[in-house]
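Peer 1: could you look at this predicted model? Sequence included:
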Amino acid sequence: KQVISTDQSVATAASVGLQQQQQRASVLVASVSHPQQNQPFTNISNCPFPTGAGPGSQPASSIQPKVDTAVLKPVQSVGFQGSVSQGSGPVGGNKFQNSETSTYSRPVVAVAPLYQPPPAYSNKGPIARNEAPVRIVPIAALNPYQGRWTIKARVTAKGDLRRFNNARGDGMVFHFDVLDAEGGEIRVTCFNIVAEQFYDRVEVGKVYLISKGSLKAAQKSFNYLKNEWEIFLESSSTVEQCFEEDDSIPQQKFDFRPICEIENMEGNTVVDFFGVVVAINPSNTIMRKNGTEAQKRTLQLRDMSGCSVELTMWGAFCSREGQQLQDLCNSGHFPVLAVKAGRISDFNGKSVGTISATQLLINPDLPKACELRQWFELEGKNTTSQSISREIGNGARIEMRKSVSQIKDEGLGRSDKPDWIMVKVTISFIKTDNFCYTACSLPVGDRQCNKKVTNNGDGTWHCDRCDMSIPECDYRYLLSVQVQDHTGITWITAFQEAAEEIMGVSAKELYMWK
């Protein structure tokens, strides 16, 4: 009986231990939607599973619970004594810590949530572009290290489309200067195909949005603007005109200096100044050292500083602005002339000459110009001025007037630079042989070629410069004249316009008479 009783006690203890083991097993299930209440069960009485049912076992009835997979909550079974904490559990990041120690403990069994596939996104539609407004960068803030930039500026000057030839071959180039609302200026340069692309599109006075260009160091020998960078446009660059007028961007930027300050400036310096035109000379043609001819016209400008300076106009300025000024002066008016970007020359004193970027404004609508005009009308035209170019009102260089003997004694005309003099002489002899030459009549740029041509023998003439034959040539003066004064005799050469004034007829007419 004692042995049997002991065996029954051991069996009873084993049965009790197994029952406690099943009670301690924790099961993580979803919140069960019960027909009577939507609350997670906490004891056996409201558990929706039949007795003996659980994970891994078949339910006793055909009734299936409704599982809500949106909310996962840990469920504490009957008799479980412990705490629940958040951590890196197998599912949902939960782990259970039992507060009582048991040798029958088993690992926590978790039920994984139902698999849900990731949402499918369609990539067949167009990609939306960033339509953010353009960010305008001031010209003063431009530098070569910026990836993207856009400037909004007004074109203040535009150069001609020029062709060139160097070791790399033939090409073309043009540039234009722009000014923005903050007063920053920069030069934009285009070469070859890009020059053809933008030359007709860019107009002086219009406002443009410019972007996708490259910045390089400015060549100060050709670029007078006060900016260390220069924009070079490429085939991918954009130049878009702004059709709405922007009054915040000025039409032009001037840095006017009094004429008296020009005398102390270095040669080749680019300067802005203005003055009253008190004298102007006719346009004439001179021969350059390279054998080409150039149009030249000089005039005198005065301002309120009590000084005057000679302005030399070259090329198209002589026939364009120069002729307008000539007509005004002939009618008795004294126009005000504003000079933008004139180059200072220190030959025989200080004078100013035009360059390709020069702008001449006749009677500009500027406060300083109006003030100068009133001063000249009230008192300026009745006072004398000191010329920094050694000039007087009629344009003659009185300090450089020489006699024939002085020309020889001082060796004038024998240095690298020409010596400009005034001499009063009498013509004593004119050479009649070779007084003119046959010249090419083909146009080169804005003027005539005028290079010497040779007779082909078939009635046509060949020009080596143009490499073409023409049916008819032109005749131009190359007149050798002997002159004398009270000190001696010398020879002079008169070119086209000067020789026509001496002879009174054209070279072609005189050649036909001969």
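Peer 2: Ah, there it is. Numbering: from 1, shown residues only.

Peer 1: distance of Pro258 from Ser389?
Peer 2: For Pro258, the distance to Ser389 equals 15 Å [C-beta to C-beta, to the nearest Å]. Every residue, glycine included, has its C-beta placed from N, CA and C.

Peer 1: ok, now Ser441?
Peer 2: Distance from Ser441 to Ser389, by C-beta to C-beta: 36 Å.

Peer 1: of these two, who's got more company?
Peer 2: Just comparing Ser441 and Ser389: by other C-beta atoms under 10 Å the higher neighbour count belongs to Ser389, 26 against 17.

Peer 1: helix, strand or coil for the more buried one?
Peer 2: The three-state label for Ser389, taken from DSSP: H, G, I helix; E, B strand; the rest coil, comes out as coil.

Peer 1: and it, what is it in contact with?
Peer 2: Going by C-beta atoms under 8 Å, 6 or more residues apart in numbering, Ser389 touches Ser308, Val309, Glu310, Asn348, Gly349, Lys350, Ser351.

Peer 1: so what's it closest to, chain neighbours aside?
Peer 2: Distances taken as C-beta to C-beta, 6 or more residues apart in numbering place Glu310 nearest to Ser389, at 3.8 Å, with adjacent residues excluded.

Peer 1: what's the neighbour count on that neighbour?
Peer 2: Using other C-beta under 10 Å, Glu310 has 24 other residues around it.

Peer 1: how about it: which residues does it bridge to?
Peer 2: Applying DSSP bridges to Glu310 yields these beta-bridge partners: Gln300, Ser351.

Peer 1: please enumerate the helices of the stretch 251-400 of the chain.
Peer 2: Shown for the stretch 251-400 of the chain, the helices assigned by DSSP state H, counting those that start in this stretch span residues 259-262, 316-319, 321-330, 367-378.

Peer 1: so what touches the third one?
Peer 2: Contacts with helix 321-330, where a contact means C-beta under 8 Å, 6+ apart, come from 277, 279-280, 282-283, 297, 299, 313, 334-335, 337, 360, 362.

Peer 1: which of those are buried?
Peer 2: Those of these that meet the buried threshold are Val277, Ala279, Ile280, Ser283, Arg297, Leu299, Met313, Phe334, Pro335, Leu337, Leu360, by 16 or more other C-beta atoms under 10 Å.

Peer 1: how about those, which pair is most distant?
Peer 2: Farthest-apart pair in the buried ones among the contacts of helix 321-330 is Ser283 and Phe334; separation 19.7 Å (C-beta to C-beta).

Peer 1: where are the low-confidence patches of this protein?
Peer 2: Low-confidence segments of the chain (pLDDT under 70): 1-133, 289-291, 348, 390-400, 416-418, 445-446.

Peer 1: if we go to 50?
Peer 2: 1-6, 10, 25-102, 122, 391-399 (pLDDT under 50).

Peer 1: and the helices in it?
Peer 2: Assigned by DSSP state H, the helices in the chain fall at 2-24, 192-199, 259-262, 316-319, 321-330, 367-378, 404-409, 496-503, 507-513.

Peer 1: in JSON lines, list those helices along with mean neighbour count.
Peer 2: What follows is these, written out as JSON lines (neighbours: other C-beta atoms under 10 Å):
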{"stretch": "helix 2-24", "mean neighbour count": "11"}
{"stretch": "helix 192-199", "mean neighbour count": "16"}
{"stretch": "helix 259-262", "mean neighbour count": "19"}
{"stretch": "helix 316-319", "mean neighbour count": "19"}
{"stretch": "helix 321-330", "mean neighbour count": "17"}
{"stretch": "helix 367-378", "mean neighbour count": "14"}
{"stretch": "helix 404-409", "mean neighbour count": "15"}
{"stretch": "helix 496-503", "mean neighbour count": "17"}
{"stretch": "helix 507-513", "mean neighbour count": "14"}
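
Peer 1: looks like Leu360 contacts Cys318 (just checking).
Peer 2: No: with contact defined as C-beta atoms under 8 Å, Leu360 does not reach Cys318; the gap is 11.1 Å.

Peer 1: ok, Phe273 - contacts?
Peer 2: Listed by C-beta under 8 Å, 6+ apart, the contact set of Phe273 reads Phe256, Arg257, Pro258, Ile259, Ile262, Leu301, Asp303, Val309, Ala338, Val339, Gly342, Val352.

Peer 1: hmm, 6 Å instead?
Peer 2: Phe273 sits next to Phe256, Arg257, Val339 when contact means C-beta atoms under 6 Å, 6 or more residues apart in numbering.

Peer 1: any quick PyMOL command for the buried ones out of these?
Peer 2: Those of these that count as buried under 16+ other C-beta under 10 Å are selected in PyMOL with:
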select buried, resi 257+339
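
Peer 1: nearest spatial neighbour of Ile407, skipping sequence neighbours?
Peer 2: Leaving aside its sequence neighbours, Ile407 sits nearest to Thr490 (C-beta to C-beta, 6+ apart; 6.3 Å).

Peer 1: Ser248: how many residues sit nearby?
Peer 2: Applying other C-beta under 10 Å, we find 9 residues neighbouring Ser248.

Peer 1: about what we covered before: tell me how far the residue nearest to Ile407 lies from Cys307.
Peer 2: 35 Å.

Peer 1: and these two? which has more neighbours close in?
Peer 2: Shown here are Thr490 and Cys307; by other C-beta under 10 Å, Cys307 has more neighbours (21 against 16).

Peer 1: quick one: residues contacting the more buried one.
Peer 2: For Cys307, the contact set (C-beta under 6 Å, 6+ apart) comprises Ile259, Cys260, Ser385, Gln386, Ile388.

Peer 1: how about the contacts made by the nearest residue to the second one once chain neighbours are set aside?
Peer 2: In this structure, Cys260 finds its nearest non-sequential neighbour in Ser305, 4.0 Å apart by C-beta to C-beta, 6+ apart. Ser305 sits next to Pro258, Ile259, Cys260 when contact means C-beta under 6 Å, 6+ apart.
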